[in-house]
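# Can you look at this prediction? I've put the sequence above it.
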Amino acid sequence: MKGKRYLAKNIIFLTVGQFGTKFLTFFLVPLYTRVLTSYEYGTFDLYSATVSLLVPVLTLNIADSTTIFLLDKKNKAQSSGIVSISLGYYLISLLMFSCLLFVNWIFNFFSVFNEYVIYLFLMFAVNGLSNFFLCYARGFDRIKNVSVSGVLCSAVMIALNLIFLLPMKMGLKGYYLATIGGQFIQILYLGFSLKIFREISFKRPEKSLHKEMISYSSPMMLNTVSWWINNVSDRYIVTAMCGIIENGIYSVAYKIPSILSMFQSIFSQAWTLSAVQDFDSEDKNGFFSKMYALYNVAMCIVCSVLIVFTKIIAKILYANDFYSAWRYVPFLLVSVVFGSLSGYLGGIFAAVKDSKSFASSTVCGAVLNIILNFLLIHFWGALGAAVATAVSYVVVWAIRLYRAMGIIKLRTNLLKDIFSYLAITTQAILLLVLKSEQITLFINSFILALILAANRKTLKSIIEFIKSKYQRGTK
């Protein structure tokens, strides 16, 4: 029960922070699709995707080492050295990124990145530092601070977006400034509330600590890059093969799956902390197996519900030319389900510091993703990218499940799980194939009912767990 309480507490705190950052900004999508053109939205998406790739690459993904090594009690006394090593890599990454921007500015390899080069640099700077501060907070189990920082970030970002995009009509520049401003406030809050700057030491950290951190983070960098390929590389290929306007529409399609991704992100962060704290290779109390079953059912049900109402949500969110983005949503939702389950299994690898299994499984998915992107986009356009992403995540999940079972006695009901996976895939196909919205809604609602019926025992366990938490909280 201790493991469940710890997980539930972290989920609650992270939900507050993620709700602000993910869910509230979700409601700004109608504003973005009305104020920004498809080209402008596609440009911002390319900048954001590029930053999300280069931060872990240029820092060697040292932030992940920060969390894992601080969570390990034997390393608490070396926190100053851990912080100094991490900040050192961050500063080096700033210098390297500046050089890359300068070279691109001179030779104009990618002209789109020269249009708003200052904003691109600032996005990289605040993203890298906020990521490190958040990992530091998780390493010391300061989840409340993570939560508050998320609320502050989103509040500032939303306020600035409303000011810059509406009365000031700054367009894409305003969108950049709002994003940068939100993360900057997050950095200030975490820096002062956690007193991170007191940890900075100019003494040389122990070589053994440095070596251990890099030994863990280097394979994780490969994992992060491969994960990025699964998540984001399709945007570049869509841009190259279909144009930046089509990429803008495809990028907007991710906003509905972001609802599912929000739950995945919250649980994944909380689960990694729990997995490290409560790891038991025998899983004697069934904690890991039960949580996997609950998580799997919850993700499949939310995915199924979102597929049923995809067109309705799209009509509310997507304005003008962006409405056609609904076609890409179903398979992107399926990809989030398998990405979520892969992330859960990744928590087990993190518990035993097996970063190589992290990396190798994701690399396999990434290679497949790139191959399928070129093949399927050629025939189906941006829809091919969505299908390629879903297939690659299925492969990552299958590899990780196989390897995880060699680390821990994870008991699963594969037949029932596969039924749910086939059901949501069928829903996705029917939404694209059937012409009548009424017939599609009826059949997909029936499939949702079948998923609920097949997983009624697990659903009962989820309801009982929530009830027990509520009753304990009211006493």
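Looks like it arrived, so ask away.

# any weak-confidence spans in the stretch 51-200 of the chain?
Filtered on pLDDT under 70, the stretch 51-200 of the chain yields the residue ranges 73-77.

# Helices of that one, residue ranges please.
62-71, 79-107, 117-139, 143-165, 172-193 (DSSP state H, counting those that start in this stretch).

# so can I have CSV of those helices showing mean neighbour count and distance to residue 236?
All C-beta spots, glycine's among them, are computed from the backbone N, C-alpha and C. Converted to CSV, those look like this (neighbours: other Cβ atoms under 10 Å; distance: least, Cβ to Cβ, whole Å):
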stretch, mean neighbour count, distance to residue 236
helix 62-71, 25, 24
helix 79-107, 16, 15
helix 117-139, 21, 15
helix 143-165, 20, 25
helix 172-193, 20, 19
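
# how about the ones you listed, which one is nearest residue 257?
Among the helices of the stretch 51-200 of the chain, the nearest to residue 257 by Cβ to Cβ is helix 143-165 (18.7 Å).

# Quick one: closest of the helices of the stretch 51-200 of the chain to residue 380.
helix 172-193 (29.3 Å).

# The closest one versus helix 117-139: what angle between them?
Going by axes from the mean of the first three to the mean of the last three Cα atoms, to 10 degrees, helix 172-193 is angled at 30 degrees with respect to helix 117-139.

# what's the next secondary structure element after helix 172-193?
helix 207-242 (DSSP states H and E).

# what mean pLDDT would you report for that following helix?
On average, the pLDDT along helix 207-242 is 83.

# How about stretch 369-376?
Model confidence over stretch 369-376, given as mean pLDDT, is 95.

# Buried ones in that stretch, by neighbour count?
Using 16 or more other Cβ atoms under 10 Å as the test for burial, stretch 369-376 gives 369-370, 372-373, 376.

# And for stretch 215-222?
Buried, per 16+ other Cβ under 10 Å, within stretch 215-222: 216-222.

# Closest to residue 102 out of these?
Closest to residue 102, out of all of these and judged by Cβ to Cβ, is residue 221, at 23.5 Å.

# Check whether the closest one really touches residue 55, as I assumed.
No. Applying Cβ atoms under 8 Å, one finds residue 221 not in contact with residue 55, separated by 10.3 Å.

# ok so, going back, could you say which one of the helices of the stretch 51-200 of the chain comes nearest to residue 304?
With Cβ to Cβ as the measure, helix 143-165 is the member of these nearest residue 304 (27.6 Å).

# Just give me how far that closest one sits from the chain centre.
Centre-to-centre, helix 143-165 and its host chain are 18 Å apart (Cα atoms, centre = their mean, to the nearest Å).

# burial count for the residue lying closest to residue 358 once chain neighbours are set aside?
Of all residues not flanking residue 358 in the chain, residue 223 sits nearest, at 4.2 Å (Cβ to Cβ, 6 or more residues apart in numbering). Using other Cβ atoms under 10 Å, residue 223 has 26 other residues around it.

# and residue 223, what is it in contact with?
61, 355, 358-359, 362-363 (Cβ atoms under 8 Å, 6 or more residues apart in numbering).

# Using JSON lines, please lay out the residues you listed together with secondary structure and neighbour count.
Output for those, formatted as JSON lines (DSSP: H, G, I helix; E, B strand; the rest coil; neighbours: other Cβ atoms under 10 Å):
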{"residue": "61", "secondary structure": "coil", "neighbour count": "25"}
{"residue": "355", "secondary structure": "helix", "neighbour count": "24"}
{"residue": "358", "secondary structure": "helix", "neighbour count": "26"}
{"residue": "359", "secondary structure": "helix", "neighbour count": "21"}
{"residue": "362", "secondary structure": "helix", "neighbour count": "29"}
{"residue": "363", "secondary structure": "helix", "neighbour count": "19"}
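
# still on that earlier bit, okay if I get the helices of the stretch 51-200 of the chain as CSV plus distance to residue 305?
Converted to CSV, these look like this (distance: least, Cβ to Cβ, whole Å):
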stretch, distance to residue 305
helix 62-71, 32
helix 79-107, 40
helix 117-139, 30
helix 143-165, 24
helix 172-193, 29
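
# if we can go back for a sec, of the buried residues of stretch 215-222, just say which sits nearest to residue 89.
residue 217 (8.7 Å).

# Hmm, that closest one is touching residue 69, no?
No. The criterion here is Cβ under 8 Å, and residue 217 misses it with residue 69 at 9.5 Å.

# so what sits against both of those two?
By Cβ under 8 Å, 6+ apart, no residue touches both residue 217 and residue 69.

# what about residue 377, how many neighbours?
Quick note: residue 377 (other Cβ under 10 Å) scores 23 neighbours.

# any idea which element it lies in?
Using DSSP H and E, residue 377 maps to helix 355-380.

# Fine by me, we can end here.
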